[in-house]
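> No sequence on hand, only this structure:
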């Protein structure tokens, strides 16, 4: 059986890669896990968690997923490029309809967007929190 979490991340990845505004900043540099050693702009999938939302004969979950936006180098030591990429990610995902292969995505929404300077003092960091209502099949 396919994992609803993996299906959700795959659908989000595909939506981000297809989005022109995200692509203009990060290109196809969207990674599952850690940062590459060298980058100017990229996106990584961060932690996720879910709670069970079972009803009558339907197994469901509410899943939260963190998407991190990273910018440095040619973007300088500024927060504003991280805000721009985080907003592009929000626009690409908030209340959009995505298809999962096995399970059903009832709702996808962005619940929070943050931007700040990373501890290294040169990397702008945006954090987008996405919440999904998934019907497990």
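Thanks, I have the structure now. Just so it is clear, the model here is predicted, and its values are computed rather than measured.
> need the contact list for the closest residue to residue 12 other than its chain neighbours.
Closest residue to residue 12 apart from its sequence neighbours, by CB to CB, 6 or more residues apart in numbering: residue 93 at 6.5 Å. Any C-beta I mention is one placed from the backbone N, CA and C, and that applies to glycine too. Taking CB atoms under 8 Å, 6 or more residues apart in numbering as the definition of contact, the neighbours of residue 93 are 12, 15-16, 108, 110, 128, 130.
> Please report how far the residue lying farthest from the centre of the chain lies from residue 106.
Farthest-out residue of the chain from its mean C-alpha position, per CA atoms, centre = their mean: residue 56, at 30.6 Å. Here residue 56 is placed at a distance of 15 Å from residue 106 (CB to CB, to the nearest Å).
> go on, residue 85?
For residue 85, the distance to residue 106 equals 27 Å [CB to CB].
> Of these two, which one has the most company?
In this comparison of residue 85 against residue 106, neighbours counted by other CB atoms under 10 Å, the higher total goes to residue 85 at 28 against 13.
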